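Asks: Predicted structure and sequence below. I'll ask about it afterward.
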Amino acid sequence: MKHWQIDQLPWDSFDPSKVDPELLKAVKAASVVERNSVDYAIYLNNVFKDDPDFQQAADHWAIEEIQHGDALGRWAMLADPGWDYEAAFQRYRDFYHIKLDVDQSVRGSRTGELIARCMVETGTSSFYTALADATEEPALKALCKQIAADEFRHFKLFYDHMQRYLKREKIGTLQRLRIALGRVTESEDDELASAYYTTNEPSSKPYDHNDCIANYMARAMRSYQPKHLRRVIGMVFKTTGLTPHSKLQDAAFWVAEKLFFKRQRKFAKLVGIN
Ligand SMILES: [Fe+2]
Ligand SMILES: [Fe+2]
């Protein structure tokens, strides 16, 4: 059972005068990445091939992620009637592929895989919370709040399964931290850059990774406030087993805040937005 239906959202409250064209570009890119979760469900089913409980949870998770994509796509088409979500998704599918025929996680262990999933949900939950707080467009605000609630639940889902595997695989805090931070830095790899390219740039223009990731990141990071980042740090601490609400967590937040906003300003300057 999904926790909400797309038709239940307040689409009638959509106000075109409140659409931020820069956020719209980030929403378009996010919509195809969300929908592509169907591939990740196949990958997860292969990695957890003898764990039917987790496989069932992963299949259900993918259904919710696809709904995120479809709802974001619907909003983007309201904001830009000339844009075609289905066509953009097909272009993304043709352009970007993840390796599906695996029999173990690319993270080296099942615990590692679940840590990486926790980091993705940390990123998405904070992104949609920040977007909901930043946008003044009522339909997008309602949609992002709804999606963020799902993403926090997804974090808990992967976290609970991670705890189960951790008892068996016994991966230390340092290694967990390495996997978690590794996944965070991967956000600047091809997945999001390709999504930006295939949803916002004409196919006649050649793909330029650096340009596309700067364009995506400048917009995706723009809505974040320190409070969103504080929650991210809390979730990273929880995932990796570091002591929460500690002096170390305060120090990590202090460093992360500096790095994050410096990077956001760098990308914004590169692509010429505020
Ligand atoms: Fe999602
Ligand atoms: Fe999610």
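Replies: Right, received. Where do you want to start? Numbering: from 1, shown residues only. Ligands and ions are numbered 1, 2, ... in the order given.
Asks: name the element the residue in the stretch 101-250 of the chain that ligand 1 sits nearest to belongs to?
Replies: Ligand 1 sits closest to Thr124 of the stretch 101-250 of the chain, with a gap of 5.0 Å, by C-beta to the ion. Just so you know, the C-beta spots here come from the backbone N, C-alpha and C atoms, and that holds for glycine as well. In this structure, Thr124 is located in helix 110-134 according to DSSP states H and E.
Asks: how about low-confidence regions in this protein?
Replies: By pLDDT under 70, the weakly predicted segments of the chain are 1.
Asks: which bits of it sit near ligand 2?
Replies: The chain has residues Glu121, Glu151, His154 near ligand 2, with proximity defined as C-beta under 5 Å from the ion.
Asks: Let me see the contact set for the closest residue to the second one other than its chain neighbours.
Replies: The shortest distance from Glu151 to any non-neighbouring residue, by C-beta to C-beta, 6 or more residues apart in numbering, is to Ser125 (3.6 Å). For Ser125, the contacting residues are Ala148, Glu151, Phe152, His154, Phe155, Arg231, Met235, by C-beta atoms under 8 Å, 6 or more residues apart in numbering.
Asks: Which strands or helices does the strand or helix carrying the second one pack on?
Replies: Using DSSP H and E, the secondary-structure element containing Glu151 is helix 138-169. Counting contacts by 3 or more C-beta pairs under 8 Å, 6 or more residues apart in numbering; DSSP states H and E, helix 138-169 is packed against helix 52-79, helix 110-134, helix 226-240.
Asks: quick one, the first one and helix 110-134 angle?
Replies: Yep, that's helix 52-79 we're talking about. 30 degrees (axes from the mean of the first three to the mean of the last three C-alpha atoms, to 10 degrees).
Asks: what's in contact with the very next helix or strand once past helix 52-79?
Replies: The C-terminal neighbour of helix 52-79 among helices and strands, as given by DSSP H and E, is helix 85-95. Residues outside helix 85-95 that contact it (C-beta under 8 Å, 6+ apart): 28, 31-33, 35-36, 69-70, 73-74, 76-77, 194-195, 197-199, 203, 207.
Asks: For PyMOL, write a command that selects the buried ones of those residues.
Replies: Listed next is the PyMOL selection for buried residues among those, using 16 or more other C-beta atoms under 10 Å:
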select buried, resi 28+31+32+33+35+36+69+70+73+74+76+77+194+195+197+198+199
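Asks: The helix or strand hosting Thr185 vs helix 226-240, what angle?
Replies: Per DSSP H and E, Thr185 falls inside helix 173-185. Here helix 173-185 runs at 140 degrees with respect to helix 226-240, directions being taken by the same axes, to 10 degrees.
Asks: quick one: contacts of helix 173-185?
Replies: With C-beta under 8 Å, 6+ apart, helix 173-185 has contacts from 107-108, 111-112, 115-116, 118-120, 123, 171, 236, 239-242.
Asks: Noted, bye for now.
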